[in-house]
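Colleague: my questions concern the predicted model and sequence given below.
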Amino acid sequence: MENQELELFVHAQGAKPQVITAPPSETVRELLVRAGIQDQGDGGLLVFIGENEEALREPDGVDDGADEQEPVDMSMTLEHLQLHRHRHVHVHRCRHVAVDVHFAAHTKHRRFAPSATVGLVTRWARKKLRLDPAAAAEYVLQLCKSTDRPRADKTLGELVTTTCGLCFDLVKEITPQG
């Protein structure tokens, strides 16, 4: 790989992603320091690369499954982690985000990596709740007890604040007529 700068998206807990350029030889720890993200020395920061889609391959009978995606070693270089392909670095204190999705009288549970997007969770919920594929596209996730419908590209790590859990309702998307 050429030694050109990489343009990366760094996602931190409860914050909007920031774009940072870095040489492939830089370590994850060096990148985080330049991004203003400091590990307090307690080993509490976990770093995930890319998005894991294993939830979509989960068998129908499994309830309360969990992503197996492992945090990366912060001493690894960006080149070794193939960040020229993945481009997204997710920094979080939660190993998993526990998600509950409510629909009608049903609730589905799963623990996702903080790097999972709302779009991925939506696709998983539609599949787990066995929605008719023709009608499924009309349903979106809305944060429980709110009217907030996060964009599909928003990560769970951006939405989590103090706890490592989120609650969603699967609701019919209202599209303006006209």
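Modeller: Sure thing, it's come through. Just so it is clear, the structure is predicted and the values come from calculations on it, not from any experiment.

Colleague: how about Lys127, secondary structure?
Modeller: Of the three states, Lys127 takes helix under DSSP: H, G, I helix; E, B strand; the rest coil.

Colleague: nearest spatial neighbour of it, skipping sequence neighbours?
Modeller: Leaving out its chain neighbours, the residue that sits closest to Lys127 by Cβ to Cβ, 6 or more residues apart in numbering is Leu56, at 6.8 Å. Glycine gets a C-beta too; all of them are placed from N, C-alpha and C.

Colleague: wait, what's in contact with that neighbour?
Modeller: 120, 123-124, 127 (Cβ atoms under 8 Å, 6 or more residues apart in numbering).

Colleague: ok, Val28 next?
Modeller: 47, 72-78, 81, 89.

Colleague: re earlier: the residue nearest to Lys127 belongs to a helix?
Modeller: Yes. Judged by three-state DSSP, Leu56 forms part of a helix.

Colleague: might you list the low-confidence residue ranges for this protein?
Modeller: For the chain, residues meeting the criterion pLDDT under 70 lie at 1-3, 39-43, 175-178.

Colleague: and the strands in it?
Modeller: Taking DSSP state E as the test, the strands found in the chain are 6-12, 18-22, 46-49, 65-66, 88-92, 97-103, 106-112, 139-143, 165-172.

Colleague: out of those strands, nearest to Arg29?
Modeller: strand 46-49 (8.9 Å; Cβ to Cβ).

Colleague: and the closest one, what does it pack onto?
Modeller: strand 88-92 (3 or more Cβ pairs under 8 Å, 6 or more residues apart in numbering; DSSP states H and E).

Colleague: so the residue nearest to Asp153 when sequence neighbours are not counted versus Pro150, what's the distance?
Modeller: Residue nearest to Asp153 in three dimensions, not counting chain neighbours: Thr117, with 5.8 Å by Cβ to Cβ, 6+ apart. Taking Cβ to Cβ, to the nearest Å as the measure, Thr117 falls 9 Å from Pro150.

Colleague: can I get stretch 57-71 in PDB? Just the C-alpha atoms.
Modeller: The C-alpha coordinates for stretch 57-71 follow below in PDB (Å, rounded to 0.1, in the frame of the first residue of the first chain):
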ATOM      1  CA  ARG A  57     -27.100 -14.000   9.700                       C
ATOM      2  CA  GLU A  58     -28.400 -14.900  13.200                       C
ATOM      3  CA  PRO A  59     -30.800 -17.900  13.100                       C
ATOM      4  CA  ASP A  60     -34.500 -17.000  13.600                       C
ATOM      5  CA  GLY A  61     -34.700 -19.000  16.900                       C
ATOM      6  CA  VAL A  62     -32.000 -17.000  18.600                       C
ATOM      7  CA  ASP A  63     -33.200 -14.300  21.000                       C
ATOM      8  CA  ASP A  64     -30.900 -12.000  22.900                       C
ATOM      9  CA  GLY A  65     -27.900 -12.800  20.700                       C
ATOM     10  CA  ALA A  66     -24.700 -10.700  20.800                       C
ATOM     11  CA  ASP A  67     -22.100  -9.500  18.300                       C
ATOM     12  CA  GLU A  68     -18.800 -11.300  18.500                       C
ATOM     13  CA  GLN A  69     -16.800  -8.400  17.100                       C
ATOM     14  CA  GLU A  70     -13.700  -7.900  19.300                       C
ATOM     15  CA  PRO A  71     -12.100  -4.600  20.100                       C
END
